[in-house]
Structure formats: structure tokens, C-alpha cells
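Visitor: have a look at this prediction, sequence included:
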Amino acid sequence: MKDRNGPVVGIVPAAGRGVRLGEPLPKAFVELDGRTMLERSVEAMLASAVVDQVVIVAPPELAATSAAELVGEAFADRVRVVAGGAERADSVRAGLAAAPGARFVLVHDAARALTPPELFVRVVDALRAGCDAVIPVLPVADTIKSVDADGVVTGTPDRSTLRAVQTPQGFDVELLARANRDAADATDDAGLVERLGEQVATVAGDPLAFKITTPLDLVLARAVLASGLCTEKEM
């Protein structure tokens, strides 16, 4: 069995524009209660105490910005900023290239800005225990329909076998590099690993790790913060 020790590096692809959010800034740099989604995500990663370093993959025009400017002084010495690519897969490859010496990597969406530190711990624990690919998931609450190109229902999958996938997604670094080699763009890194025929394990996700994609999601995130469900200690 391969050695399960070694550094864990977080990769945060933050080069996307987030058009659906309807904000003038790239999505990762939109503020929630005075702090950007990116800052909250990086802080949660490092506050988990299971992530050694974080690579922020930023829009090219922000790649020269210091880590301290992006996430504050407290964690700046453990954060590196590099330029992202045109597609998300390009940004993940850039993040991998900036993480030499990593044993495991966690790919995390900055838009899941309220993710609690405990979720990072669960993913890393599973990696250390022997899994090479781990994703957090939640049961699907809604009934799901499959439809054809005309919008006609073709089936109703058994939702007991379905899961909604979140991040951080954790990987053996060599496996993720192999999965991303010459890969087309993908919204889900675990999907690239699946194409290799490799097994992907799951751990329990967290409702707070929802993705802030639309204006309604932004309203929800701000309401959650205002309610005190996410304490400043957690976030």
C-alpha cells in the first residue's frame, strides 16, 4: 500500500467570471458580509488544520496580486497565487503545476464559501485511510426526471441511489494529474477520474457547502451569515 503521509495542498480555481451570479466582479471576489467568497474559502481550508498550503488560481489580470491582498495577512505565507486558464480544467492543471511535493490535493470551489472546516477534515481523513479519490455528497431531496431533447420525460431515476456532489474533492495528486492530462473541460474533477475507471469514494457532505451560483444563492448565503448558523469562528 502506498504511503498515505505527506502534504495536502488545496487548489481553488477562482478564474471564472460567474456570469449567472449577475455581479460585476468575478464570482470568487464577491463579498459576503465584508469578506470575499475566496477569502472565506481559503480561511476554512487552512483553519481545518489538515491543509498545508493553498494555491489560488486567479484571473490572469490578478495573478500578480499578493496573497495578502486576496486573503489577508493571517494565512498569506501559506497561499500562492497563479494565473488560471480559459477553462476550469486549465486552471486545475495550473494549480497542480504550482503544487510540487503535494501528496494529496483538494480541489475546492470558492463559490462554496460557507463550507465548514470539518468537511475538509472528513475528505482528508478518507484520503489518509486509503482512498485515492473522495467527494462529499448529500442525498437528493427532490424527485429527478430524465428528459429528451424536446423536454419530454423519459424516466424517473431512483433517488435513493442519487447524490448531490459538493467540494472539496480530494485526490491522490498523481491520479488527478493523470485524469487532467489532455482532458477536455469538466465541471467535476471526480468525473475525469471516473473516466479512467478508478473508484471514487464518498463522505457525508454539509448543507452549508452549497454553491453560490445565482442571485438567489447569494441572498441565501447572506441570510445564513446573518442568522448566525455560520459563526465567525467556523468561517
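Guide: Here it is on my side, so go on. Small disclaimer: the values here were computed from a predicted structure and weren't measured.
Visitor: in stretch 163-172, what's buried?
Guide: Burial within stretch 163-172, assessed by neighbour count using 16 or more other CB atoms under 10 Å, is assigned to 165-172. From N, CA and C alone the C-beta is placed, and that goes for glycine too.
Visitor: could you export that stretch as PDB, CA atoms only?
Guide: Presented in PDB, the C-alpha positions along stretch 163-172 are these (Å, rounded to 0.1, in the frame of the first residue of the first chain):
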ATOM      1  CA  ARG A 163     -26.300  12.100  -4.600                       C
ATOM      2  CA  ALA A 164     -25.600  15.800  -5.000                       C
ATOM      3  CA  VAL A 165     -21.900  16.400  -5.200                       C
ATOM      4  CA  GLN A 166     -20.000  19.100  -3.400                       C
ATOM      5  CA  THR A 167     -16.400  20.200  -2.900                       C
ATOM      6  CA  PRO A 168     -13.700  19.900  -1.600                       C
ATOM      7  CA  GLN A 169     -13.000  16.900  -3.900                       C
ATOM      8  CA  GLY A 170      -9.800  15.100  -2.700                       C
ATOM      9  CA  PHE A 171      -7.300  13.100  -4.800                       C
ATOM     10  CA  ASP A 172      -4.000  11.400  -4.800                       C
END
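Visitor: list the contacts of it.
Guide: Under the criterion CB atoms under 8 Å, 6 or more residues apart in numbering, residues 2, 10, 45, 103-109, 112, 115, 119-120, 123-124, 126-127, 131-140, 179, 188-190, 193, 202, 205-206, 209-211 lie in contact with stretch 163-172.
Visitor: what about stretch 206-218, start to end distance?
Guide: For stretch 206-218, the first-to-last residue distance is 17 Å (CA to CA, to the nearest Å).
Visitor: which residues does that stretch contact?
Guide: With CB under 8 Å, 6+ apart as the contact definition, stretch 206-218 has outside contacts at 18, 20-23, 27, 30, 32, 37, 109, 111-116, 118-119, 136, 138, 166-167, 220-221, 224, 229-230.
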